[in-house]
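>>> Would you be able to build a 3D model of this:
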Amino acid sequence: MTEHVTIVMAVYDGAEFLAAQMESFAGQTHRDWDLVISDDGSTDDSDKVIAEFAATHPVRMMAGPRAGGTMNFLSALVGIEGEPDYVAFSDQDDVWLPERLAHGIAALASVPADRPALYGSATWIVEEDLTNPRRSPTFPHPPAFRNALVQSIAGGNTMLLNRPAWEMARDAAGEAMAVGGPYMHDWWLYQLISGAGGTVLRDNRPTLLYRQHGGNIFGTNRGRKAIKARLKQVWRGDLKAWVDANIRALDASRHRLTEENQRLLAAFVDMRRAGLLSRLRGFAGLGLWRQGRVGQAMLWLAVLLKKL
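Numbering: from 1, shown residues only. The predicted model follows:
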């Protein structure tokens, strides 16, 4: 018997690229899947595109909470029915490569069945017309909670969760929504699974075409232009606001973290509130890190300016 996958896709005014995204589900080599779509109040022809696909494929529609993309994903996660072996997340405007699900399932098979585990992968970053593919960045260090607190390294559009992971995430999603939700669902999932002592796997093989276009909520994070944008985000206090939201969501599910990571989260909160010298010493002692030298330098800058 093959493992069943529930694909969760949050939609808002995605008609232009939805058909290509959903047809790439149909083209998966792993064929045992169903699709849950949470529509957050689309005003374009998304419903018509979805209805056409649903006529010949297993699709269930949900009404989103109309509170932004992150809350839409969390609401869909809470609304999963049945007992799928895996849950995959999808954006509305990419194209999955045929082995997207198969690669994730094969990787997660190496993890003990009772341990929460999350799989994510690299992507091919492409233009709106799917041309000019560039491989997304690779990371020098393995995933860990000390990295997850300050950086997201696994795009939600590549994520696959095993049953212990998605069941825990489903329950924690309700807790997170009650306090306003995290900044982004994929960053939160990385924090939650790693913080709970689960396994996070990152595959350097690209498993999808990550389409860049004017309607992207979030695009690629690479190159000098991206570095300048990140510096502006630090200076404006965007990073601090994101971390604030993430901490509220994590704190709501603190009991799900290991005792060690509960202590680390508490120390992280205290460090952010401390005066300059105590803050710098505290940060150095926590051993938090971002992938790459530029990212780590930017992290120290944020700590120095009290904007983490």
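>>> rest of the way, CA atoms for contacts and neighbours
Noted.
>>> quick one, helices of the stretch 101-250 of the chain?
Along the stretch 101-250 of the chain, counting by DSSP state H, counting those that start in this stretch, helices occupy 145-148, 163-177, 185-195, 223-236, 238-252.
>>> Point out the most buried one among these.
The highest mean neighbour count among the helices of the stretch 101-250 of the chain, using mean count of other C-alpha atoms under 10 Å, belongs to helix 185-195: a mean of 25.
>>> Quick check: mean pLDDT of that helix?
For helix 185-195, the mean pLDDT works out to 98.
>>> same thing with stretch 17-24?
pLDDT averaged over stretch 17-24 gives 98.
>>> Buried residues of it, list them for me.
By neighbour count on 16 or more other C-alpha atoms under 10 Å, the buried set for stretch 17-24 is 17, 18, 19, 20, 21, 22, 24.
>>> Likewise for stretch 301-308?
If you call a residue buried by 16+ other C-alpha under 10 Å, then stretch 301-308 has these buried ones: 301, 302, 303, 304, 306, 307, 308.
>>> Of the residues you listed, which is the nearest to residue 69?
residue 308 (23.2 Å; C-alpha to C-alpha).
>>> OK, contacts around the closest one?
Applying C-alpha atoms under 8 Å, 6 or more residues apart in numbering to residue 308 gives the contacts 234, 237, 239, 240, 243, 272, 299, 302.
>>> and residue 115, how many neighbours?
16 (other C-alpha atoms under 10 Å).
>>> quick revisit: from the buried residues of stretch 301-308, which is closest to residue 88?
Among these, residue 308 lies closest to residue 88 (C-alpha to C-alpha), at 30.4 Å.
>>> so what's that closest one scoring on pLDDT?
Looking at residue 308, its pLDDT reads 95.
>>> pull the longest strand from this protein.
Using DSSP state E, we find that the single longest strand of the chain is strand 199-211.
>>> May I have it exported as CSV, CA atoms only?
What follows is strand 199-211, C-alpha atoms only, in CSV (Å, rounded to 0.1, in the frame of the first residue of the first chain):
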residue,chain,number,x,y,z
THR,A,199,14.3,15.9,12.5
VAL,A,200,14.6,18.5,9.8
LEU,A,201,16.0,17.4,6.5
ARG,A,202,17.1,19.7,3.7
ASP,A,203,17.6,18.2,0.2
ASN,A,204,20.0,20.1,-2.0
ARG,A,205,18.3,18.7,-5.1
PRO,A,206,15.7,21.2,-6.5
THR,A,207,12.2,19.8,-6.5
LEU,A,208,10.2,22.6,-8.1
LEU,A,209,10.3,25.7,-10.3
TYR,A,210,10.0,28.7,-8.0
ARG,A,211,8.3,31.3,-10.1
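>>> Can you name the residues that contact the residue minimising distance to the centre of the chain?
For the chain, the residue nearest the mean C-alpha position is residue 186 (1.5 Å; C-alpha atoms, centre = their mean). Contacts for residue 186 (C-alpha under 8 Å, 6+ apart) come out as 152, 154, 155, 156, 159.
>>> what about 10 Å?
By C-alpha atoms under 10 Å, 6 or more residues apart in numbering, the residues touching residue 186 are 70, 73, 89, 120, 152-159, 192.
>>> Point out the least confident member of those residues, please.
Where pLDDT dips furthest among the contacts of residue 186: residue 154, at 86.
>>> low-confidence ranges in the chain?
Filtered on pLDDT under 70, the chain yields the residue ranges 1, 215-223.
>>> tell me the domain boundaries of it?
Following automatic domain parsing, the chain resolves into domains at 5-211, 223-304.
>>> so of these, which one's packed in deepest?
By mean count of other C-alpha under 10 Å, these have domain 5-211 as the most buried, with a mean of 19.
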